[in-house]
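Asker: dropping the sequence and predicted coords here.
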Amino acid sequence: MLGEHIKKLRKQKKLTLEALAGKELSKGMLSLIENNKANPSMESLSYIAKRLDVDVTDLLDAVSSEELRGILEKAEKIYNDPDQKKADKYIQLIGLIEPLWEVIPQGYEAARLLEIYSYSLWKEEKENWLEVSEYAAKMFDQLNISTNRASIAIFWVNQKFLEHKYDEALTIFLQERKTIETTFAYIDPLTRLDLDYHEAILHFAVGSSQSAIRIMENAILFSKEKKVFYRIDDLYRLAACEGMLSKDEKKKNFYLEKLKQYGEFADNKFSLYFYKLFHIMALISEEKEYEKALEEVDQLLSDSDTLEFYDSWFTLEKGKACYYLGRYEEALFLLNKVVIPDVHHPFDLSILYVVDTFIALCHRKLGDKQAASQSIEQAYANYNSLPSTPFKEFTMEVYGEMKK
């Protein structure tokens, strides 16, 4: 490690801690650096190199490739462990990689470590995450590795997306995609599908449906042509959702069936539950089969294998079915249990935000005009910045009726 290398050189030069520290470093700080408990700035590192009469690159080369591979292997294990608690996970990663920051050499291992380090810093809300991320991006540019470079670009875009600044997110994405496609002569199929998928999502988010549909459908064709089925389930879900929101039943049903086939073949529970959710939504909104919808929802909610993520979605549909059956108190109880999960796309939000509209309708049926008014105002506020969808249109219609 760097500290050990500095200590070794100091002893070879027969210098004491005080002598090497000189006037610009304290003995205590130098001791911390030598014991790898403090990370020197580039200015301090240059000063130490000058005092040792060596080039600063000699110190930077202190971290061997073998040592970096070992650290990266440990970092990847922590980063990719789904069972590890998130808070502990990112603190561990920061503690592991931080001593190398600013003195790390070039190479894939170094770049990947900095990439993981930047993600961890962001999770822990550290201000310098972007500086580290940009440094990692430059290293991947120099190494001609498009996959990681694209992942970092998508990470930057997601910061704006999570703030629901969809226009800014799309602008950043298009700039970054242009840079990537200009910089790299070859982009592997998986990276291209990642870029296509995220671009389609962003175009849908800002209401550019035609651009989104073109990119999405081209991505599906590309996936089939190359026989690379990465992201195919995400693309099918996106296409089915777009079909529903554009009221294109043929497209919606076609891609839902494709998604079901994929889910059964790959044993992908997320895809299968998405299919079941849309099936239940159709029973309620199109077929008016409310009792059948309730039966299927109850079976799913009582099944321990049902993914926890879908609980709120299925509870919302159960509440809607109860409302249409005239069971207003039960519907209100269920709808008030719905918690909006950690989703940020307007499509998802549009489906979920209708909960306040149905809460307002239940209150109106039960004679509580004030509560009904508060709930429909909340629904109106939630939908105000979202693009037009059947759920938004339904809410605006109810809002207009209640304001009268």
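Answerer: On my side now, so go ahead. These numbers were taken from a predicted model, which means no experiment stands behind them. Numbering: from 1, shown residues only.

Asker: where does the protein have low pLDDT?
Answerer: Within the chain, the ranges that satisfy pLDDT under 70 run 1, 42, 57-58, 60-64, 84-87, 102-103.

Asker: so where's the longest helix in it?
Answerer: Under DSSP state H, the helix in the chain containing the largest number of residues is helix 346-365.

Asker: residues in contact with the next helix or strand after that one: which ones?
Answerer: Using DSSP states H and E, the helix or strand that follows helix 346-365 in sequence is helix 369-383. For helix 369-383, contacts defined as C-beta atoms under 8 Å, 6 or more residues apart in numbering pick out 349-350, 353-354, 356-357, 359-361, 363-364, 391-392, 395-396, 398-399, 402. Backbone N, C-alpha and C define where each C-beta goes, glycine included.

Asker: quick one: buried residues of helix 369-383?
Answerer: Residues 371-373, 375-376, 378-380, 382-383 are the ones in helix 369-383 that count as buried (16 or more other C-beta atoms under 10 Å).

Asker: tell me the helices and strands packed up against the helix or strand that comes right after it.
Answerer: On the C-terminal side of helix 369-383, the closest following helix or strand by DSSP H and E is helix 390-403. Other elements packing on helix 390-403 under the criterion 3 or more C-beta pairs under 8 Å, 6 or more residues apart in numbering; DSSP states H and E are helix 346-365, helix 369-383.

Asker: adding distance to Glu34, write those helices out as CSV.
Answerer: Listed next are the helices and strands packed on helix 390-403 as CSV, based on distance: least, C-beta to C-beta, whole Å:
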stretch, distance to Glu34
helix 346-365, 52
helix 369-383, 57
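
Asker: with adjacent residues omitted, what lies nearest to the residue most central in space within the chain?
Answerer: What sits nearest the mean C-alpha location of the chain, by C-alpha atoms, centre = their mean, is Asn158, with 6.3 Å. Excluding the flanking residues, the one nearest Asn158 by C-beta to C-beta, 6 or more residues apart in numbering is Ala169, at 7.5 Å.

Asker: pretty sure that neighbour contacts Trp156?
Answerer: No: when contacts are counted by C-beta atoms under 8 Å, Ala169 is not listed as touching Trp156 (9.1 Å).

Asker: now do the SS call for Glu67.
Answerer: Classification of Glu67 by DSSP: H, G, I helix; E, B strand; the rest coil places it in helix.

Asker: got a list of contacts for the helix or strand hosting Ile280?
Answerer: Per DSSP H and E: Ile280 is located in helix 269-285. Helix 269-285 is contacted from outside by 233, 236-237, 240, 244, 252, 256, 259-260, 262-264, 289-290, 292-293, 296-297, 300, 305-307, 309-310, 313-314, 317, 320-321, 324, using C-beta under 8 Å, 6+ apart.

Asker: now a ChimeraX select for only the buried ones of these.
Answerer: When burial is assessed using 16+ other C-beta under 10 Å, the buried subset of those is captured in ChimeraX by this command:
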select :233,236,237,240,244,252,256,259,260,262,263,290,293,296,297,300,306,310,313,314,317,320,321
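
Asker: what backbone torsions are found at Glu109?
Answerer: For Glu109, the backbone dihedrals (degrees, to the nearest 10) come out as phi -60, psi -40.

Asker: relative to Tyr135, how far out is it?
Answerer: Applying C-beta to C-beta, to the nearest Å, the value for Glu109 to Tyr135 is 14 Å.

Asker: who's more crowded, these two?
Answerer: Per other C-beta atoms under 10 Å, whichever of Glu109 and Tyr135 has more neighbours is Glu109, with 21 against 18.

Asker: ok, that one touching Glu73?
Answerer: No: contact status for Glu109 versus Glu73: not in contact, 9.2 Å apart, counting by C-beta under 8 Å.

Asker: okay but Asp194 is in contact with Leu235, surely?
Answerer: No: contact status for Asp194 versus Leu235: not in contact, 11.1 Å apart, counting by C-beta under 8 Å.

Asker: what residues of the helix holding Ile280 count as buried?
Answerer: In helix 269-285, counting by 16+ other C-beta under 10 Å, buried: 271-278, 280-285.

Asker: list the residues that contact the residue nearest to Val228 when sequence neighbours are not counted.
Answerer: Spatial nearest neighbour of Val228, chain neighbours left out: Pro189 (4.8 Å); criterion: C-beta to C-beta, 6+ apart. Residues near Pro189 by C-beta under 8 Å, 6+ apart: 222, 226, 228, 230.

Asker: ok, the residues you listed vs Leu30, which is closest?
Answerer: Checking the contacts of Pro189 against Leu30 by C-beta to C-beta gives Tyr230 as the nearest, at 49.8 Å.

Asker: so that closest one, which of the three states?
Answerer: Here Tyr230 is coil, with the state taken from three-state DSSP.

Asker: with adjacent residues omitted, what lies nearest to it?
Answerer: Leu190 (5.0 Å).

Asker: for burial, what's the neighbour tally of the one you found?
Answerer: Other residues lying near Leu190 total 14 when counted by other C-beta under 10 Å.

Asker: OK, contacts around it?
Answerer: Contacts of Leu190 were listed using C-beta under 8 Å, 6+ apart, and they are 147, 228, 230-231.
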